[in-house]
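**Q** Generate coordinates for the sequence data below:
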Amino acid sequence: MNNKELLVELSNRLGKTQKEVSAMLDVTTDCMVRSFTENSNLVLQGFGSFEVRKKADRILVNPTTKLQMIVPPKLALIFKASNTYKDKIKNKEHNGK
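**A** Next comes the predicted model:
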């Protein structure tokens, strides 16, 4: 599903225009990004959790030149789905629907 399809689906379900739904999504994503930039975790009950983790620096070796490079530390956004959604996905996989 791409952004346009999501907007259409939400618009139909909520009875709002696509422009209104787009504005709501923009506000939602802005709030999420603000939370991530403050290095806070975000938990959406029943959906899952987002966590900002710091990855340590590491050394990479180019296999052809054997040159070593240091990859600097970085922040990574990790998503962990709730057990509710994990179970729904498993059941759909097993039932073949």
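**Q** Residues contacting the lowest-mean-pLDDT helix or strand in the chain, please?
**A** The helix or strand of the chain with the lowest confidence, counting by mean pLDDT, DSSP states H and E, is helix 83-95 at a mean of 79. The contact list for helix 83-95, computed with C-beta atoms under 8 Å, 6 or more residues apart in numbering, reads Gly46, Phe47, Gly48, Ala81. Quick note: C-beta positions are derived from backbone N, CA and C, even for glycine.
**Q** Same list (those residues) but as JSON lines, adding secondary structure.
**A** Supplementary listing: those in JSON lines, determined by DSSP: H, G, I helix; E, B strand; the rest coil:
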{"residue": "Gly46", "secondary structure": "coil"}
{"residue": "Phe47", "secondary structure": "coil"}
{"residue": "Gly48", "secondary structure": "strand"}
{"residue": "Ala81", "secondary structure": "strand"}
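**Q** Weed out the non-buried ones from these.
**A** Among those, those scoring as buried are Gly48 (criterion: 16 or more other C-beta atoms under 10 Å).
**Q** Tabulate the contacts of helix 83-95 in JSON lines, adding columns for distance to Pro73 and pLDDT.
**A** Below are the contacts of helix 83-95 laid out as JSON lines (distance: C-beta to C-beta, whole Å; pLDDT from 0 to 100):
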{"residue": "Gly46", "distance to Pro73": "33", "pLDDT": "86"}
{"residue": "Phe47", "distance to Pro73": "29", "pLDDT": "89"}
{"residue": "Gly48", "distance to Pro73": "25", "pLDDT": "92"}
{"residue": "Ala81", "distance to Pro73": "26", "pLDDT": "90"}
